[in-house]
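[1] heads up, no residue letters with this:
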């Protein structure tokens with residue numbers, strides 16, 4: 001349909017896809033260096049910050065370099081970190097790591113701030129707009145555009161008002177084309193255009209496959225007196241088994257509020273594992289439940305985390321475009337922090353473009369930067385968990401002391417390839433306990449994400465062959481999409497004499513993209529829905 005439509009064209013010097021910390025930092029720095037540049041930023045969320053989800057503890061140096069007065073001018077939440085607590089959890093108790101040991105690791109949060117990324121990104125957008133950047137929320141970039149030489153020349157915005165059957169409806173509006181000298185991809189984890197461009201330009205030719213974690217987060221309002229503002233808690237171990245990577249975070253905020261969350265590595269083996277249930281189990285642990293009981297959830301969300309780091313970083317430049325932030329995989333998984341790295345990469349991209357006027361050479365500039373050196377220093381932290389929790393703990397200690405100077409580099413493998421077949425895997429007894437804290441289930445959790453999708457629009461989750469779901473997958477893996485999706489999007493429902501068929505509840509989707517990553521047949525593709533659709537995270 002899109003090929004036959006005459007489309008309006010807008011011309012910019014640069015178009016940035018994604019109004020997260022990387023994209024906005026890039027826009028701000030470019031305007032600081034080259035005020036006359038014509039720049040636009042596209043954001044698929046209904047507002048800047050609507051899709052922004054992070055832990056989020058901010059290491060402030062990169063932001064201070066970009067905007068030196070941020071700490072006095074930014075009026076959003078910024079709770080100074082005052083105390084770290086790292087524990088190994090068992091079913092009924094926990095073991096606290098000594099403070100001196102934590103202080104030796106990247107998990108030391110001295111000097112950092114607990115922030116809301118959903119508040120920080122709108123403020124960054126305001127700074128960019130003051131400098132003359134055009135920001136368009138509610139407009140999702142659907143595909144990259146190419147010139148006659150094959151270089152990227154911009155993006156096409158998704159059509160609006162398309163009916164379920166793919167035909168134009170009464171309110172149809174064709175998506176415009178935005179042409180630019182340079183296109184900057186800052187979509188965040190598992191960006192759909194980044195995925196297309198990485199494949200087209202073979203940008204992973206010399207690196208490992210990407211690997212991800214699936215993160216859950218809730219904001220709770222608690223009874224007075226329980227919260228210790230600035231306290232940062234991390235834990236690992238139960239409710240996951242020793243062969244599955246994951247862990248929790250609990251950040252004490254102001255006004256009797258806490259962030260509580262959980263991350264499960266998507267390289268897990270067990271086809272029966274339900275990451276959402278692991279998070280809820282954690283909340284009902286005897287150490288955590290007394291803190292939350294009697295409180296209420298204010299908002300909740302889920303997203304994937306680009307955890308491949310140094311080994312999985314693709315080439316970041318190509319003709320006409322470059323990739324920054326989590327779209328490339330700059331997050332430091334040992335620190336459990338990506339905001340400062342996203343800002344670093346965005347600002348560095350701006351400095352490169354201001355100096356060189358083209359995308360070529362940015363990859364080399366990033367790999368010579370402090371941000372890339374940081375990734376190298378923690379490169380073995382995540383892959384060590386493939387050998388089990390206790391090996392990984394020993395390795396983490398070695399890595400922390402030697403700061404990445406070990407003479408080896410462990411490799412990453414694709415997350416989908418780790419999933420074992422039902423017949424070949426004996427799921428461990430997870431010793432999960434009865435739980436009473438909300439939410440009741442995944443659908444109840446979706447309510448707290450403020451999700452909005454027009455039910456009449458086409459399904460944006462494309463399954464290449466649904467027959468596989470009803471035949472091979474149900475036998476070989478037990479339809480794991482019903483387990484790993486945090487929003488109940490995928491559901492096998494009765495189909496008369498045929499058994500079951502796949503039903504896609506696309507309106508539930510919170511845009512985490514776990515399905516695009518963990519599906520063992522690689523037949524699910526996440527595409528952008530109509531602009532403005534999806535979650536509306538409040539203060540996450």
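    Here it is on my side, so go on. This is a predicted model, so every value here is computed, not measured.

[2] going forward, measure contacts and count neighbours with C-alpha atoms only.
    Will do.

[3] for stretch 72-83, measure first residue to last.
    In stretch 72-83, first residue to last residue: 23 Å (C-alpha to C-alpha, to the nearest Å).

[4] do the same with stretch 182-201
    16 Å.

[5] list the buried ones in it?
    Neighbour counts over stretch 182-201 (16 or more other C-alpha atoms under 10 Å) mark 182-194, 197-198 as buried.

[6] OK, contacts around residue 322?
    Taking C-alpha atoms under 8 Å, 6 or more residues apart in numbering, we find residue 322 in contact with 182, 183, 184, 185, 316, 359, 362.

[7] quick check: the fifth one touching residue 363?
    Yes: with contact taken as C-alpha atoms under 8 Å, residue 316 and residue 363 are classed as touching, separated by 4.9 Å.

[8] now do the contacts for residue 316.
    Counting by C-alpha under 8 Å, 6+ apart, residue 316 touches 203, 322, 323, 324, 328, 362, 363.

[9] can you do 7 Å?
    By C-alpha atoms under 7 Å, 6 or more residues apart in numbering, the contact set of residue 316 is 322, 323, 328, 362, 363.

[10] ok, residue 33 next?
    Residue 33 sits next to residue 354 when contact means C-alpha under 7 Å, 6+ apart.

[11] same check, this time on the one 10 residues further on
    Residues counted as contacts of residue 43 (C-alpha under 7 Å, 6+ apart) are 17, 18, 19, 136, 137, 138, 139, 140.

[12] name the element the fourth one belongs to?
    Residue 136 is located in strand 134-137, with elements delineated by DSSP states H and E.

[13] if I look at residue 281, how far off is residue 482?
    Going from residue 281 to residue 482 by C-alpha to C-alpha gives 18 Å.

[14] of these two, who's got more company?
    Shown here are residue 281 and residue 482; by other C-alpha atoms under 10 Å, residue 281 has more neighbours (22 against 18).

[15] contacting residues for the more buried one?
    Residues near residue 281 by C-alpha under 7 Å, 6+ apart: 239, 432, 433, 435.

[16] just say helix, strand or coil for it.
    What DSSP: H, G, I helix; E, B strand; the rest coil gives for residue 281 is helix.

[17] for it, give me the pLDDT.
    You'll see residue 281 listed with a pLDDT of 97.

[18] hang on, isn't residue 341 packed against residue 329?
    No: assessed by C-alpha atoms under 7 Å, residue 341 is found out of contact with residue 329, at 9.5 Å.

[19] show me what the nearest residue to residue 246 once chain neighbours are set aside bridges to in the sheet.
    Spatial nearest neighbour of residue 246, excluding adjacent residues (C-alpha to C-alpha, 6 or more residues apart in numbering): residue 264 at 4.3 Å. Counting by DSSP bridges, residue 264 forms beta bridges with residue 214, residue 246.

[20] gap between residue 264 and residue 130?
    From residue 264 across to residue 130, the span is 39 Å (C-alpha to C-alpha).

[21] looking at the two now, which is surrounded by more residues?
    The neighbour comparison of residue 264 against residue 130 (other C-alpha under 10 Å) goes to residue 264, with 25 against 12.

[22] wait, the more buried one sits on residue 213?
    Yes: using C-alpha under 7 Å, residue 264 makes contact with residue 213 at a distance of 5.4 Å.

[23] residue 484 contacts residue 278, doesn't it?
    No: the criterion here is C-alpha under 7 Å, and residue 484 misses it with residue 278 at 10.8 Å.

[24] okay, these two: which has more neighbours?
    Neighbour count, other C-alpha under 10 Å: between residue 484 and residue 278, residue 484 has more, with 24 against 20.

[25] spatially nearest residue to that one (excluding sequence neighbours)?
    Distances taken as C-alpha to C-alpha, 6+ apart place residue 274 nearest to residue 484, at 5.6 Å, with adjacent residues excluded.

[26] same check, this time on residue 128
    Of all residues not flanking residue 128 in the chain, residue 28 sits nearest, at 5.1 Å (C-alpha to C-alpha, 6+ apart).

[27] and that neighbour, helix, strand or coil?
    In the three-state summary, residue 28 is assigned as helix, counting by three-state DSSP.

[28] show the pLDDT at it.
    Residue 28 is given a pLDDT of 98.

[29] measure it to residue 488 for me?
    The gap separating residue 28 from residue 488 is 38 Å, by C-alpha to C-alpha.

[30] could you check which of these two has the larger neighbour count?
    residue 28 (28 against 21).

[31] returning to what we had before: can you tell me which of the contacts of residue 281 is nearest residue 380?
    For these, the closest approach to residue 380 (C-alpha to C-alpha) belongs to residue 239, at 23.7 Å.

[32] residue contacts, residue 141?
    17, 155, 156, 157, 158.

[33] try 8 Å
    17, 42, 44, 155, 156, 157, 158, 193, 528.

[34] just residue 37 next, same as before
    Residues in contact with residue 37 (C-alpha under 8 Å, 6+ apart) are 13, 14, 30, 31.

[35] what separation do you get for the residue nearest to residue 128 and residue 16?
    The gap separating residue 28 from residue 16 is 11 Å, by C-alpha to C-alpha.

[36] what bits of this protein have low per-residue confidence?
    1-3 (pLDDT under 70).

[37] and it, what are its domains?
    What automatic domain parsing lists as the domains of the chain is 2-68+118-207+314-377, 77-116+211-306, 417-526.

[38] which one of the ones you listed lies nearest to residue 408?
    So among these, domain 2-68+118-207+314-377 is nearest, using C-alpha to C-alpha, at 11.2 Å.

[39] and the strands in the stretch 101-250 of the chain?
    Counting by DSSP state E, counting those that start in this stretch, the stretch 101-250 of the chain has strands at residues 113-115, 134-137, 141-146, 152-157, 160-162, 168-173, 177-185, 212-221, 231-237, 246-252.

[40] strands paired with the strand holding residue 136, and their directions?
    Counting by DSSP bridges, strand 134-137 is paired with strand 39-43 (parallel).

[41] tell me the helix or strand right after the helix or strand that contains residue 371.
    Here residue 371, judged by DSSP H and E, is contained in helix 370-377. Sequence-wise, the next helix or strand downstream of helix 370-377 (DSSP H and E) is helix 389-402.

[42] tell me what the helix or strand following that next one is packed against?
    Following helix 389-402 in sequence order, the next helix or strand is helix 442-447 (DSSP H and E). Applying 3 or more C-alpha pairs under 8 Å, 6 or more residues apart in numbering; DSSP states H and E, one finds that helix 442-447 makes contact with strand 296-306.

[43] mind listing what's buried along the longest helix along the chain?
    Counting residues, the longest helix found in the chain (DSSP state H) is helix 339-356. By 16+ other C-alpha under 10 Å, the buried positions in helix 339-356 come out as 339-354.

[44] before we move on, back to that, take the strands of the stretch 101-250 of the chain and lay them out in a markdown table including distance to residue 439.
    As requested, those are exported to a markdown table (distance: least, C-alpha to C-alpha, whole Å):
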| stretch | distance to residue 439 |
| --- | --- |
| strand 113-115 | 24 |
| strand 134-137 | 30 |
| strand 141-146 | 33 |
| strand 152-157 | 36 |
| strand 160-162 | 33 |
| strand 168-173 | 37 |
| strand 177-185 | 35 |
| strand 212-221 | 10 |
| strand 231-237 | 21 |
| strand 246-252 | 17 |
